[in-house]
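Undergrad: Attaching a predicted model along with its sequence, questions to come.
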Amino acid sequence: CFNSGSSWNNCDFETNLCKVLPEFNLQPGWIRRNGQSGMGPPYFDHNGNESAYFLSLSSEMQSSSSALRTNVFLPTDEEHLCQVRFHYWISQMSGTLMVGLQKHSEDTVTNIWQVSGELRNQWNVNTITINSTEKYEV
């Protein structure tokens, strides 16, 4: 996604939250941890690395929801497509992971992808292509 001139942002959480997800946008319940944290599965990241970091929603948040919000991205066009690729793990019996798009002229977040229930207790990967003629957040 195009964000102030850079053409690619990689977010691995190894040193911090990374440029795409600013610290102040981390809502309660999200924690940065790795597989060795003693907090239960997953015990490794999507590459099988036990010491690599990822974001996890704490077990106390099971009955409520919590969001992650990106920085502002610039409008897309034929030259500047935005693809968001992410790895995810769902371990709870219930719960839904959703990706939303908020354009700057709109007050509401539009749901553009969601998953619930299937493929539990394993890493999955998804890529979403985003088109927006104005600035937006994901």
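TA: Received, thanks.
Undergrad: F86 contacts N124, doesn't it?
TA: No - taking contacts as C-beta atoms under 8 Å, F86 lies outside contact range of N124: 9.4 Å. Using the backbone N, CA and C atoms, a C-beta is placed for each residue, glycine as well.
Undergrad: Does T133 touch P75 like I think?
TA: Yes - between T133 and P75 there is a contact at 5.4 Å, judged by C-beta under 8 Å.
Undergrad: Those two: which is more packed in?
TA: P75 (15 against 10; other C-beta atoms under 10 Å).
Undergrad: right, and that one touches S132 too?
TA: Yes - judged on C-beta under 8 Å, P75 makes contact with S132 at a distance of 5.8 Å.
Undergrad: Now do the strands in the protein.
TA: Per DSSP state E, the chain carries strands over the ranges 30-34, 53-57, 82-89, 96-103, 110-116, 123-130, 136-137.
Undergrad: And for the closest residue to D45 other than its chain neighbours, the neighbour number?
TA: Nearest residue to D45, sequence neighbours excluded (C-beta to C-beta, 6 or more residues apart in numbering): A52, at 4.0 Å. By other C-beta under 10 Å, the residues close to A52 number 16.
Undergrad: Who are the contact partners of A52?
TA: 12, 14, 34-35, 44-45 (C-beta atoms under 8 Å, 6 or more residues apart in numbering).
Undergrad: Kindly reformat the residues you listed as JSON lines containing neighbour count, pLDDT and distance to Q102.
TA: As requested, the contacts of A52 are arranged in JSON lines below (neighbours: other C-beta atoms under 10 Å; pLDDT from 0 to 100; distance: C-beta to C-beta, whole Å):
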{"residue": "D12", "neighbour count": "11", "pLDDT": "81", "distance to Q102": "24"}
{"residue": "E14", "neighbour count": "13", "pLDDT": "84", "distance to Q102": "28"}
{"residue": "N34", "neighbour count": "19", "pLDDT": "93", "distance to Q102": "30"}
{"residue": "G35", "neighbour count": "19", "pLDDT": "93", "distance to Q102": "32"}
{"residue": "F44", "neighbour count": "17", "pLDDT": "93", "distance to Q102": "32"}
{"residue": "D45", "neighbour count": "20", "pLDDT": "93", "distance to Q102": "28"}
